[in-house]
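Visitor: sharing a sequence plus its predicted fold:
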Amino acid sequence: MKSLILLTGARFLVPLFLVFSLYVLLRGHNAPGGGFIGGLIAACGFTLYAFAAGVEAARKALRIDPRTIGILGLICALIGAFASAFTGQEPFAGVWGEVWGYAVSSVLVFDIGVYLAVFGGMLTLIFALEETA
Amino acid sequence: METVLALLSGFLVAAAVWLMLSGNLLRFLFGLLLLSNAVNIAIFSAGRLTPGTPPFLGDKGALPDAVMANSLPQALLLTAIVIGFGLFAFSLALTIRAYRSFHHLDVDQMRLAEPKEDA
Amino acid sequence: MAEQRTGSGKARVFGYAGAIAAAVMAGLLSLALPEVLAGGRVLFGIDWAPSLGVSLAFMLDGLSLTFALLITGIGSLIFLYATGYMGDHPRFGRFVLFLFAFMLSMLGVVMARDLITLFVFWELTSVTSYLLIGFDHENAQARRNALQAMLVTAAGGLALLAGFILIGLAGGSFDLAQILTGPGLQDSSYYTPILILVLLGAFTKSAQFPFHFWLPNAMAAPTPVSAYLHSATMVKAGVYLLARLHPVLGDTPAWQGSLTAAGLVTAVMASILALRQTDLKQALAYTTLMALGTITLFLAGSSEYALTAAVTFLIVHSLYKAALFMVVGAIDHGTGSRDVALLGGLRGALPITALAAALAGLSMAGVPPLIGWIGKELLYAGAATISPEPLVILGVLTANALMVAVAGVVALRPFWGARIKTPHIPHEAPWQMWVGPLLLGGLGLVFGLGAGLLQPMIEAMLTTGFGRDHAAELHLWAGFNLPFFLSLATFAMGITLYLMRDRYRRAIADLLARLPGFDPGWDRFLDHFRTFAAWQTRLIQPGRLTAYLTATFVVMVLAIGGALLLRRPVIAIDLSAPLLIWVIAAVTAAGAVLTLGTRSRIAAISGIGTTGIGVTLIFIFFGAPDVATTQLMVETLSAVLFAIAALRLPAIVERRSKSRQLAHAVLAGAVGLTVTLIVLAVTTHPLDRHITSFFEENSYSLAHGLNIVNVILVDFRAFDTFGELTVVFLASVGAYAVLKRRSRKAGP
């Protein structure tokens, strides 16, 4: 079901989806949003692209296998979880610091892990389903 | 208001159970989705319903004047929804796979891994 | 049967290493001798599960040190023997490993200070002995007998665990050192169950009647295993336990009655059956049963004579029985047979083995000046103190007389008389195989002549183990007393039985043919058990999803609905709600109705989607924007997945009959009603908000976040979130694998 309108629309919409998902991810600590939602939005964007241009094109656009992204997400979450070891706290305790005036925390690293794991997991599924004729 | 949602979740559960018992894998999946929605609503109502005020703190963590919506069930639901989706997707994959092997979706006829029935 | 296949023999080094290691352990253990002989207890160990009051603690006193020295000392000789016996076996390395594991477990049993530790080691001996008895695993009979031994002893072990837990409850501790110095459990209200459970454990392990049948079958093991497990060690674990717990459980009519009965029946029956055997190893197996029965019988008593007799006979038996098993293995090895009818006049060909056999056999027969004589005298002296005395004395006399005859068959007959042609030309065993029996036989002579040598050890056992002031004295010559005359009677009867053995065997064989056997019964029992297991599996797991679901839902309705009916919680029904809520609820329900009724896949998916959007609206209305967004995204993705999948799946067909549909509708209605009632009951009950309040108050101060839901997810409950991420990701990868794997049958 290739449709020129959908394809053109998708080319335009996918970057928007991605940027919006990152925005939702980063502001999630203080306003509605967060890793789960961000990951799902990004996955929706790529699904739209896969519909419009085919899974192969979507995989090419993604460059990295979604399974790898999922694993990177889990690793990222673990890093966020065990960052507290450096300050002598128990795992999963939040660590806060400041870099060049921006607040940086292990919690954010963890949330990015959530984002990547959800994104990678969802796309693994959807691509596999679409590719299986 | 809780009563309305209690009735709704009961109705959705009943519909889900009827679909799941139908013996058709596709309908079983519909039932699974309905069931997770129904249970989510039940958990949500159990945390009490507060129209309008989402659980956000004011500047510098100030508590708002009105009672906020209960944040705890919301956090539980958020993950439950994602997990439920994972479960659904996995079941869907199994269903497709089963159809490819058996060429039908009648669960009670899928006995490849079961012992032979008594004559 | 000596193994025919040969390996490289390089594994022999493991056998020597095992022998050295065991000897070193024996040496280390004897460092504790001075303190133990002085009547002390050596305690050591580490905490294991402190919250449960369980520790990996060990204790050495007279009783456990005696056992530990027997285990390591005889163990060392057994490793050496095994190296000669089967060092070129292709799996000899594995054999040594099993044997060593067994030795360590056995040491654990006798040295454990904590009852739970003791139990763990106890079951380990069952498992390792399973591996050893079934070592010849290509032989179906060996596998069966190994399984039988393990099932019997492990089942007894479970009873023992229950008994230990009751002891812990009754005595307030699992610490043996504490329990033994405590007031005893004879007056506890748990006494009877404790006694029954502990005796079940001890009797199965020590093969007391009616659990004796596994021991002769365990002779399927290679001979070194029989010599080790069935002389000095595993079967003695039960006896050790009885002795260990004697101070806290003994001295009651129930204890005396059950031990006397089991011990006497086992001893007499086993000795009668022993003389009947023509296979030397089987004959020894039955005499082991006799010895175990005898020790059990004497542990029933509480006089110094009875207890001294029990512990002395235990040492005596370990020495001669291990030696005789090794001798039988050497005969088998050297001639290719262990059938008594095919052996004779071997003393010229196997001189050293013959000497060892003579020493051990004479000790077994109780001939002075060997230690066996002293043991037998003590048995008679002790028998006179156990009621019912006449019966006990008669039983011990019969058993001992038969032992004299069996000793003649096993230790003398093969070596003396006319030379009989054997399967292959007899030759002396290698040195590794005669060192052990000769040493053990020699020790029998040393301890007999120097009767006082063992006295301090026996004193230590009686004082620290049984709480007596002192032990009866060991004398080579105790005067013209009752035991002396009973000994003379024993020899007379024994020699008569030996001479009449052929007629005796025929008579017993006739008798046995008329009695039901234990082994067919055991096999029938296992067969029935398997049939039952298959039947109940088919019943509970018919392999039908609908059946499983029905069972689940019915149980849910009955259990939760029943609880609701019983408790009758207050339920407030309040139908007042904004019109918008009613509209949203109606739309949500309508989506479900559409899915219920339609046969069209697309319509059904639309119905599901409608429900999902309705639920999203509810989340938005009641202040849950994050949940609503998530729900919306998931609904979108679900719809996409369904749209992809529906194209590949067939149309929906309703296959249920009308009556079945009705029944399912009733069940569905009941489940739905139950859920509604639960939600109503919960929402009527006052809400405890203190967890939510904690999050609300600390979200900013502790976690620097204003979005409380997000803070809970990534900070307060981050560990849970991580688990959920893993689940979602694994589900995806699992689905990927399911879909991508090529079908074994070609697809359409």
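Guide: Okay, I see it. Keep in mind the model is a prediction, meaning the values are calculated, not measured.

Visitor: assign a three-state SS to residue 69, would you?
Guide: Since you didn't name a chain, this refers to chain A. helix (DSSP: H, G, I helix; E, B strand; the rest coil).

Visitor: that's the wrong chain, I meant chain B
Guide: Secondary structure assignment for B:Ala69 (three-state DSSP): coil.

Visitor: ok, it touching B:Pro55?
Guide: Yes: counting by Cβ atoms under 8 Å, B:Ala69 does reach B:Pro55; the two are 5.3 Å apart. All C-beta spots, glycine's among them, are computed from the backbone N, C-alpha and C.

Visitor: so what sits against both of these two?
Guide: By Cβ atoms under 8 Å, 6 or more residues apart in numbering or on different chains, B:Ala69 and B:Pro55 have these common neighbours: C:Gly623.

Visitor: can you report phi and psi for C:Ser189?
Guide: Main-chain torsions, C:Ser189, degrees, to the nearest 10: phi -70, psi -20.

Visitor: swap in C:Gly45?
Guide: Torsion angles, degrees, to the nearest 10, at C:Gly45: phi 150, psi -180.

Visitor: how about it: what's its closest non-neighbour residue?
Guide: Closest residue to C:Gly45 apart from its sequence neighbours, by Cβ to Cβ, 6 or more residues apart in numbering or on different chains: C:Ala57 at 3.0 Å.

Visitor: list the contacts for that neighbour?
Guide: Going by Cβ under 8 Å, 6+ apart, the list of residues near C:Ala57 reads C:Leu43, C:Phe44, C:Gly45, C:Ile46, C:Ala112, C:Arg113, C:Asp114, C:Thr117, C:Asp175.

Visitor: so which strand or helix has it?
Guide: strand C:54-60 (DSSP states H and E).

Visitor: how distant is that strand from the center of its chain?
Guide: 19 Å (Cα atoms, centre = their mean, to the nearest Å).

Visitor: quick one: mean pLDDT over that strand.
Guide: Strand C:54-60 comes out with an average pLDDT of 81.

Visitor: and the next element down the chain from the strand or helix carrying C:Val555?
Guide: C:Val555 belongs to helix C:545-556 when assigned by DSSP H and E. Going down the chain from helix C:545-556, the next helix or strand is helix C:562-567, by DSSP H and E.

Visitor: for that following helix, which outside residues touch it?
Guide: Helix C:562-567 is contacted from outside by C:Thr674, C:Leu677, C:Ile678, C:Ala681, using Cβ under 8 Å, 6+ apart.

Visitor: do you know how far the second one is from C:Ala534?
Guide: When Cβ to Cβ, to the nearest Å is applied, the distance between C:Leu677 and C:Ala534 equals 40 Å.

Visitor: what about the stretch 1-150 of chain C, any weak spots by pLDDT?
Guide: Within the stretch 1-150 of chain C, the stretches with pLDDT under 70 are C:1-9, C:47-54.

Visitor: 80 instead?
Guide: Along the stretch 1-150 of chain C, the model assigns pLDDT under 80 to residues C:1-10, C:44-56.

Visitor: can you check the stretch 151-300 of chain C too?
Guide: For the stretch 151-300 of chain C, applying pLDDT under 80 flags the ranges C:231-232.

Visitor: can you tell me the residue of it closest to chain A?
Guide: For the stretch 151-300 of chain C, the residue closest to chain A is C:Phe174, as judged by Cβ to the nearest Cβ, at 32.0 Å.

Visitor: can you give me phi and psi for that residue?
Guide: Per degrees, to the nearest 10, the backbone of C:Phe174 is at phi -100, psi 0.

Visitor: got the buried residues for whichever strand or helix holds B:Leu72?
Guide: Element membership for B:Leu72, per DSSP H and E: helix B:71-102. The neighbour-count check on helix B:71-102 (16 or more other Cβ atoms under 10 Å in any protein chain shown) flags B:71-99, B:102 as buried.

Visitor: which residues of chain B lie near chain A?
Guide: Neighbours of chain A within chain B, by Cβ under 8 Å from any Cβ of the partner chain: B:Pro54, B:Phe56, B:Leu78, B:Thr79, B:Val82, B:Gly86, B:Ala89, B:Leu92, B:Ala93, B:Ile96.

Visitor: if you set the cut-off to 6 Å instead, what comes out?
Guide: Residues of chain B lying close to chain A (Cβ under 6 Å from any Cβ of the partner chain) are B:Leu78, B:Val82, B:Ala89.

Visitor: before we move on, what about chain C?
Guide: So far as Cβ under 6 Å from any Cβ goes, chain C lies against chain A at C:625-626, C:629-630, C:633, C:636, C:640-641, C:644, C:703, C:705-707, C:710, C:714-715, C:718-719, C:722, C:725, C:728-729, C:732, C:735-736, C:739.

Visitor: show me which of the residues you listed neighbour chain B.
Guide: C:Pro625, C:Thr630, C:Leu641, C:Leu706, C:Asn707, C:Val728, C:Ala735, C:Leu739.

Visitor: quick check: A:Phe127 touching A:Val55?
Guide: Yes: counting by Cβ atoms under 6 Å, A:Phe127 does reach A:Val55; the two are 5.2 Å apart.

Visitor: show me which of these two is the more surrounded one.
Guide: Using other Cβ atoms under 10 Å in any protein chain shown, the more surrounded residue of A:Phe127 and A:Val55 is A:Phe127, with 23 against 19.

Visitor: give me the element that one is part of.
Guide: Assigned by DSSP H and E, A:Phe127 falls in helix A:106-131.

Visitor: for that helix, packing partners?
Guide: Contacts defined by 3 or more Cβ pairs under 6 Å, 6 or more residues apart in numbering or on different chains; DSSP states H and E place helix A:106-131 against helix A:35-53, helix A:55-62, helix A:66-82, helix C:625-646, helix C:718-740.
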